[in-house]
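1. sequence first, then the predicted structure:
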Amino acid sequence: MRIPINLASEPFRRDRPVLVASAACGVVLVALLGVLVFLILSERSRQTDTRAAVAKLNAEVLTLSTQQAQMEATLRLPMNAEVLERSLLLNTLIQHRAISWTKLFADLESVLPNNVKVIQIRLPQVNSRNEVALDLEVGAQNQGQMIEFLKRLQDSPLFGPASNPRSAPPSQNEPLYRYRVVVSYGQKL
């Protein structure tokens, strides 16, 4: 019978695989740390460039706003008020004249179903972003035709979705369902 007796002060352990794995993990972690430090430094330099660009744009905006304020102050002088009012009137007239009625009717014809009639078109409104809003009054013999017209308006790239459609039922004098629709129109001015 053999009895295993270890006479060493410290017993033998198999630590080599654990040490090798720990060293490999340490090398991988140091490499990842290096990559993260590189990414942080490169992002910091990009942020510095971005902040410089934003500061430059803010300075330009400030310069332009002060110039605009000076020009508006000049235009608001009593001797220039008449010229300002006239230029606003002329600009408004030019904007309204820029809308091609022929193109407008051709575009409406492309989305208008056969049994829907345009009864009235009010003067198109142009907002500060040069978007045109049409106020239409249309008539149809039944509500299904009007729903088809609204779908065609919404699907068209020239017209936007109809907002606030209001309807009136047929009367003795008017045999059509009448609808008043406000829609945005994408004609370039």
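-> Thanks, I have the structure now.
2. where does the residue positioned nearest the centre of the chain sit: helix, strand or coil?
-> Nearest to the geometric centre of the chain sits Arg129, at 13.1 Å (CA atoms, centre = their mean). The assignment at Arg129 comes out as coil when based on DSSP: H, G, I helix; E, B strand; the rest coil.
3. how close does it sit to Ser184?
-> Taken as CB to CB, to the nearest Å, the spacing of Arg129 relative to Ser184 amounts to 11 Å. For the C-beta atoms, the positions are set from N, CA and C on the backbone; glycine is no exception.
4. same check, this time on Val18
-> 71 Å.
5. the two: which is more packed in?
-> Comparing Val18 with Ser184 by other CB atoms under 10 Å, the one with more neighbours is Ser184, at 16 against 10.
6. excluding covalently adjacent residues, which one is nearest to the more buried one?
-> Setting aside the residues directly before and after it, Ser184 is nearest to Gly160 in space (CB to CB, 6 or more residues apart in numbering), at 3.7 Å.
7. the one you found: what's it in contact with?
-> Taking CB atoms under 8 Å, 6 or more residues apart in numbering as the definition of contact, the neighbours of Gly160 are Leu153, Gln154, Val183, Ser184, Tyr185, Gly186.
8. and for the first one, the neighbour number?
-> Which is Leu153. Under the neighbour criterion other CB under 10 Å, Leu153 is assigned a count of 23.
9. same deal with the fifth one?
-> With neighbours defined by other CB under 10 Å, the count for Tyr185 comes to 21.
10. can you report phi and psi for the residue lying closest to it once chain neighbours are set aside?
-> Beyond its immediate neighbours in the sequence, the residue positioned closest to Tyr185 (CB to CB, 6+ apart) is Val132, lying 4.4 Å away. Note on Val132: its backbone torsions stand at phi -100, psi 130 [degrees, to the nearest 10].
11. what does the one 5 residues further on give?
-> Per-residue torsions, Glu137: phi -120, psi 120 (degrees, to the nearest 10).
12. that one pairs with what?
-> As for beta bridges, Glu137 partners with Gln120, Arg180 under DSSP bridges.
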